[in-house]
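Peer 1: Take this sequence and fold it.
(2 chains)
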Amino acid sequence: MTRAVAIARTAALSAFGPGARGLGRALAIDAPLPGIPAEAPLATPRARKMMSRAAYLAARCLGDLVRELAWTDEGEHIGYFLGVGASGGSLDDFLALLDESIVDGAFSLHRFGDRGLAACNPLLAFQLMNNFTLCHGAILEGLGGPNSAVFSRGAGTIAALAEAVHAVSSGECERAISGGADAPTHPTTVAELAREGFVARGLVAADAAALVALEASPSTTPDTTIIEGCGIASGRGRPIADAIADAVAATRREPIEQVDIVVIAPWGPPAADALRSWTAGRFPTATVVSTGALGESLAATAALAVIAAADLLADAAGPRRAIVLTLGVDGDPGAVALSRSAA
Amino acid sequence: MRRRVFVRGVGGYTPLGASWPATVARLAEGATAIREIRRFDVTGFPCRVAAAIEQAFPEEDRRLPYTRIAAREAWEMARVSAAPARLGVFLGAESGRCQWNTALGLARAGHAAGGVFDHERFGREAVEFATRIDASVISPAAVATALAVEYGADGPVETVSLACASGSAAIVEAARAIRIGECDVALCGGVGADVDPLMLAGFGLLGILSARGVSCPFDAHRDGFVIGEGAAMLVLAAARGDATVELAGIGRSLDAHHLTAPEPDGDGAARAMIAALRDAGDAEIGYVQAHGTSTPLNDRIETAAIKRALGAGVDRAHVSSSKGALGHWVAGAGALGALYAWQAVHAGVVLPTAGLVRPDPACDVAHVIGRAISKDIDAALANAFAFGGANSCLVLRRAA
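Peer 2: From the prediction side, this is the model:
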């Protein structure tokens, strides 16, 4: 069984603010973005003890989405596939653990076992494990279907979306939610990005979560955005243009002739140049919109781009096709082909 | 049309052997790798034992050498070739580790009065420590990336971070990619390298490690799990070659219940097993490689779920768990389970549950105790269940 897969609704928490409607338009006209304060505290004591910031954003975003959807399916029929990062635990908690583990100015494993463990938030492990970005929300909202948490610094989120699309199209589940969440403003992630040279090359970290709800739909249904396919490719050791072409080719069996909108999700200026250059050569008449103004949200960026593309398709008159092109800090390109039939 | 997925090669690097056959030889005679940790000072830790690999490696992050060794073994056995764009890599892995002094320095760089993290101070003072951390090494994706480079994979490269189900879920994604034609050959599996102070502390704080220091899945005296480490890799392909086993069924579910505890009636686990069995179609399960953590709750609930999923067929299935001998590999555990299942179908060798002496009456299935048994097996089920309630199951079947 293969069924067309449509986007039923979207939700996001990003530099655009809470919500997803109008995101594509705002990016297309370079509208000022309010942003999420990087230091905004997690809202509840429960969240502070148990959740990483990424998990909190994902759970909030999922809650918003599920309430808007009002799906009546049992949770076990809804899949949940997420691109996740590794921007983990509270350094306050980690610090408490380490502070009790010092002897004569040096860290002591003996003291760590004896005293440090007792000083630590016992739930720190839940903040550190990457899959809990997915699991907290699934537990809170009762999602019980097929699932995956794909580590993502870009392409992994497209892999998660591909999984979700396949799960729905093959009938493994009736509906699915997919996207990404990450908190790259976490100090250790900023340090990592600085270490890799991305900050010096223009990367601006921004926390975000972005989700799309998917369901089976006849591909000819008016006013419906269909995900035609997703593709990822390895960008290592070869010209990036070849890798982008492979990712786009992997989205559909037939070559893509006409594209009206291209939303690019680059991690910073060098990646943006590569994506714009490839797009200009392959789809010279397409309108190009970039997620750059949202900052770099690692595992969430590709999902924000999909939301922007869906938003722009919904705004347009007549049948249209959009391509999302991502190039994250992992150097692997990803592509999503979307289309919308006429009303 | 859905393509079949064949297991062309397997490889394992474990605390009991530097290859899968060497490991199987030790497992078959009932050996266990669990002993007191010698790599670092464990005085005061809630659990002081592990199934650790003693071999020293120059790499700071041990995930990479473990996986390289297992991958090479699987690849050499597979004798496959694929165009770069048709070769994918799918790995279950969590983050690697920097050295303790580096982590300590980073945290203290942001230490303000009152024990609260000071972001501004961190920004000023963390540079020295940040430059010591090579994110390209400790990132969860570093291992899959390295394998993709080494094997020339230009196809999909994915890292699944789904805790204890990561390795199984990575195999699921590899199978899906081959089935629908995203790639023709996939190097897949999982790695765990968690015998280190942070993980021992994290799991210890949760109270889920064995206080007695014994891993004995399904035993009446089980009291928690023991951490282990290693890598288990498979080469899957659309072309059969001389493969004797195919990956016939995949199934996934979420408990949507609790952060650490499985659903009390095992509904989530049973749904994943049933989904994998349905996906496989006609398969008579002769062996179940259980997730079998040796925690009081998991083993009892998993037993109930196995019985529910297999129905009357449970009488024909033997059950064992890798964790008695090799500990819990976390991100690598599901892939190790797949190797146990492959061994049963390929060679008719059902490996035992080390540490199991007196089965809990609540875990009333046909256990394999003491030594391996020989049994003609048509199909095997391999379970992997993660903290947070993510379940992933595989059905491996004799290739007809």
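Peer 1: Pretty sure B:A305 sits in a helix.
Peer 2: Yes: assigned with DSSP: H, G, I helix; E, B strand; the rest coil, B:A305 falls within a helix.
Peer 1: Who are the contact partners of it?
Peer 2: B:G266, B:D267, B:A269, B:A270, B:M273 (C-beta atoms under 8 Å, 6 or more residues apart in numbering or on different chains). Any C-beta I mention is one placed from the backbone N, CA and C, and that applies to glycine too.
Peer 1: C-terminal to the helix or strand containing B:L310, which secondary structure element comes first?
Peer 2: Secondary structure from DSSP states H and E places B:L310 in helix B:296-310. Counting by DSSP H and E, the next helix or strand C-terminal to helix B:296-310 is strand B:318-320.
Peer 1: List the buried residues for that following strand?
Peer 2: For strand B:318-320, a neighbour-count test (16 or more other C-beta atoms under 10 Å in any protein chain shown) marks B:H318, B:V319, B:S320 as buried.
Peer 1: farthest pair in the contacts of B:A305?
Peer 2: B:D267 and B:M273 (10.9 Å; C-beta to C-beta).
Peer 1: the more surrounded of these two?
Peer 2: B:M273 (29 against 20; other C-beta atoms under 10 Å in any protein chain shown).
Peer 1: For that one, pull up the helix or strand it's in.
Peer 2: helix B:267-280.
Peer 1: any idea how far that helix is from the chain center?
Peer 2: Averaging C-alpha positions (C-alpha atoms, centre = their mean, to the nearest Å) puts helix B:267-280 18 Å from its chain's average.
Peer 1: so B:A283, which of the three states?
Peer 2: Going by three-state DSSP: B:A283 is coil.
Peer 1: From chain A, how far off is the nearest residue to it once chain neighbours are set aside?
Peer 2: Once flanking residues are discounted, B:A283 sits nearest to B:A379: 3.8 Å by C-beta to C-beta, 6 or more residues apart in numbering or on different chains. Distance of B:A379 to chain A, given as C-beta to the nearest C-beta, to the nearest Å: 20 Å.
Peer 1: Just give me the closest of the buried residues of strand B:318-320 to chain A.
Peer 2: Using C-beta to the nearest C-beta, B:V319 comes nearest to chain A of the buried residues of strand B:318-320, at 24.3 Å.
Peer 1: Could you give the bridge partners of that closest one?
Peer 2: B:V288, B:H367 (DSSP bridges).
Peer 1: Could you tell me which residues make contact with it?
Peer 2: Per C-beta under 8 Å, 6+ apart, neighbours of B:V319: B:F218, B:Y287, B:V288, B:A290, B:G292, B:T303, B:I306, B:T353, B:V365, B:A366, B:H367, B:V368.
Peer 1: how deep is the residue nearest to B:A283 tucked in, by neighbour count?
Peer 2: So B:A379, with other C-beta under 10 Å, has 24 neighbours.
Peer 1: can you list the weak-confidence ranges in chain B?
Peer 2: Along chain B, segments meeting pLDDT under 70 span B:97-117, B:119-120, B:122-138.
Peer 1: Centre-most residue in it?
Peer 2: B:A333 (1.6 Å; C-alpha atoms, centre = their mean).
Peer 1: That one is in contact with B:A169, isn't it?
Peer 2: No: taking contacts as C-beta atoms under 8 Å, B:A333 lies outside contact range of B:A169: 11.1 Å.
Peer 1: what do these two both touch?
Peer 2: Counting by C-beta under 8 Å, 6+ apart, the residues touching both B:A333 and B:A169 are B:A384.
Peer 1: rewinding a little: output the contacts of B:A305 as CSV; include the columns distance to A:M129.
Peer 2: Output for the contacts of B:A305, formatted as CSV (distance: C-beta to C-beta, whole Å):
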residue, distance to A:M129
B:G266, 22
B:D267, 23
B:A269, 19
B:A270, 24
B:M273, 24
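Peer 1: So what pairs up with A:T326 in the strands?
Peer 2: With DSSP bridges as the rule, A:T326 is bridged to A:A265, A:G334.
Peer 1: Share the number of residues neighbouring residue 240, please.
Peer 2: Unless you meant another one, I'm taking chain A. Neighbours of A:I240 under the rule other C-beta under 10 Å: 20.
Peer 1: The chain in question should be chain B.
Peer 2: Neighbour tally, B:R240, other C-beta under 10 Å: 13.
Peer 1: Which strand or helix spans it?
Peer 2: Going by DSSP H and E, B:R240 is not in any helix or strand.
Peer 1: gap between it and chain A?
Peer 2: Counting by C-beta to the nearest C-beta, the gap from B:R240 to chain A is 23 Å.
Peer 1: rewinding a little: now the helix holding B:M273 - C-alpha only, PDB.
Peer 2: Provided in PDB are the C-alpha atoms of helix B:267-280 (Å, rounded to 0.1, in the frame of the first residue of the first chain):
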ATOM      1  CA  ASP B 267       1.000  -3.100  25.800                       C
ATOM      2  CA  GLY B 268       3.600  -0.900  24.100                       C
ATOM      3  CA  ALA B 269       6.200  -3.700  23.900                       C
ATOM      4  CA  ALA B 270       3.600  -6.200  22.700                       C
ATOM      5  CA  ARG B 271       2.400  -3.800  20.000                       C
ATOM      6  CA  ALA B 272       6.000  -3.500  18.600                       C
ATOM      7  CA  MET B 273       6.400  -7.200  18.600                       C
ATOM      8  CA  ILE B 274       3.100  -7.800  16.900                       C
ATOM      9  CA  ALA B 275       3.900  -5.100  14.300                       C
ATOM     10  CA  ALA B 276       7.200  -6.900  13.500                       C
ATOM     11  CA  LEU B 277       5.500 -10.300  13.300                       C
ATOM     12  CA  ARG B 278       2.700  -8.900  11.000                       C
ATOM     13  CA  ASP B 279       5.300  -7.200   8.900                       C
ATOM     14  CA  ALA B 280       7.200 -10.500   8.500                       C
END
